[in-house]
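Chemist: okay, here's the prediction I keep looking at, along with the sequence it came from:
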Amino acid sequence: MTEEQPGEGPPEQIRTPGRATTTVPPGERGATRIADRVLVKIASQAAREALAELPPDAVPPHATVVVHHDRARVRVSLELPYPSDIGGQCATVRHRVASRVHALAGMDVPEVAVEIERLHLAPPHGAAPGKAQGRTR
């Protein structure tokens, strides 16, 4: 008994009504291509899931993706509260985005660049929300 290697199985037979049966060798059957916009949606959603809570007026995370030979390079832009553990949050986003893209799309993600577009200053404890803080003119 011999083992078959992936892609070396028996030719697939295609039956079309009214036509003869066609045999297609494994190497010529085609492939599934995942659209870049799907990867962008996966990466953006994964970044949202990785962040515990966004500031109330923050724009949700968004991503851009570049695919080359089944490898996706991702850039995620997000807004974070301040003060907070910015490095820890970025590491969590990187890990979550890479693991979700790999799990859902089957692509390796060698790079996830996280860009902080804005830091939202958290009001001090006991301060009324929406009230001006610090120096005002």
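Modeler: Arrived safely. Numbers count the residues shown, from 1 in each chain.

Chemist: I'd guessed L39 sits against V109; true?
Modeler: No - with contact defined as C-beta atoms under 8 Å, L39 and V109 do not form a contacting pair (9.3 Å). For glycine as for every other residue, the C-beta is placed from the backbone atoms N, C-alpha and C.

Chemist: shared neighbours of the two, anything?
Modeler: Residues touching both L39 and V109 comprise 72, 74, 101, with contact defined as C-beta atoms under 8 Å, 6 or more residues apart in numbering.

Chemist: show me where this protein has strands.
Modeler: Assigned by DSSP state E, the strands in the chain fall at 12-14, 22-24, 62-68, 71-82, 108-121.

Chemist: buried deepest among those, which one?
Modeler: Comparing those by mean neighbour count (mean count of other C-beta atoms under 10 Å), strand 71-82 comes out on top with a mean of 19.

Chemist: tell me the mean pLDDT for that one?
Modeler: Across strand 71-82, the average pLDDT comes to 95.

Chemist: report the contact partners of the residue lying closest to R118 once chain neighbours are set aside.
Modeler: Nearest in space to R118, with sequence neighbours left out and distances taken as C-beta to C-beta, 6 or more residues apart in numbering, is E79 at 4.4 Å. Contacts here follow C-beta under 8 Å, 6+ apart; on that basis E79 touches 54-55, 58-59, 61, 116-120.

Chemist: one more pass at 7 Å, please.
Modeler: Contacts were defined as C-beta atoms under 7 Å, 6 or more residues apart in numbering; by that measure E79 touches 54-55, 58-59, 117-118, 120.

Chemist: which residue is nearest the middle of the chain?
Modeler: Residue closest to the average C-alpha location in the chain (C-alpha atoms, centre = their mean): A43, at 1.7 Å.

Chemist: state the pLDDT value of the residue lying closest to that one once chain neighbours are set aside.
Modeler: Take A43 and drop its neighbours on the chain: the residue closest to it by C-beta to C-beta, 6+ apart is A63, 3.8 Å away. The predicted structure scores A63 at 97 on the pLDDT scale.
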